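Engineer: Predicted model and sequence follow; I will ask about them next.
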Amino acid sequence: MDASPLVAKEGVIGVIDDEWDILQLYRDALLASGFSVYAFTNPLIALEHFKANSNSYVVIISDLRMPGLDGIGLIKKVKEINPNIRTLLITAFEVKDSVFHEYKKGNLIDYILQKPITMKNLVTEVENQVKIQQLQEQK
């Protein structure tokens with residue numbers, strides 16, 4: 001699924017989740033908050049879109065477990081293309097702090113959201129990541 005973005009805030013947010021109903025919730029919450037969003041149920045298609053538009057994206061949000069390419073694999077490939085992109089990983093599984101810190105230290109994952117998440121928390125964290133991205137660009 002590919003949602004045409006409504007451009008209001010600077011940059012594009014990419015959302016990838018293989019569960020259509022959850023993807024719609026995330027996309028709709030971000031669109032309602034003024035973000036430009038591309039949403040994908042297939043991580044391989046999302047990666048191809050990112051490759052073609054990598055300079056437009058500011059944040060990638062990915063589910064952890066997906067068929068074909070999991071969230072960690074997707075984020076690794078995205079970071080190889082654009083190491084400055086901000087990345088959020090969403091998972092229903094418990095992630096040990098030590099594992100997160102390794103990903104953080106390696107500049108792979110910027111934040112992990114634990115399911116179930118509220119749309120308010122999702123939007124707030126995306127706003128935080130966009131602000132961090134903007135501050136990094138100003139340096």
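Structural biologist: Received, thanks.
Engineer: nearest residue to Ile112 other than its sequence neighbours?
Structural biologist: Spatial nearest neighbour of Ile112, chain neighbours left out: Leu89 (5.0 Å); criterion: Cβ to Cβ, 6 or more residues apart in numbering. C-beta here means a position set from N, CA and C on the backbone, and glycine is covered the same way.
Engineer: And the pLDDT for the one you found?
Structural biologist: The per-residue pLDDT reported for Leu89 equals 92.
Engineer: quick one: contacts for it?
Structural biologist: Ser62, Asp63, Leu64, Gly71, Ile72, Ile75, Val95, Tyr103, Ile109, Tyr111, Ile112, Leu113 (Cβ atoms under 8 Å, 6 or more residues apart in numbering).
Engineer: Assumed it was part of a strand.
Structural biologist: Yes. Residue state for Leu89 (DSSP: H, G, I helix; E, B strand; the rest coil) corresponds to a strand.
Engineer: Now for this structure, the helix or strand with the poorest mean pLDDT.
Structural biologist: Sorting the helices and strands of the chain by mean pLDDT, DSSP states H and E puts helix 97-105 at the bottom, at a mean of 56.
Engineer: Filter the contacts of Leu89 down to just the ones in strands.
Structural biologist: Using DSSP state E, Ser62, Asp63, Tyr111, Ile112, Leu113 are the members of these that sit in strands.
Engineer: The second one is in contact with Ile90, isn't it?
Structural biologist: It stands for Asp63. Yes. Counting by Cβ atoms under 8 Å, Asp63 touches Ile90, with 5.2 Å between them.
Engineer: shared neighbours of these two, anything?
Structural biologist: Asp17, Gly71.
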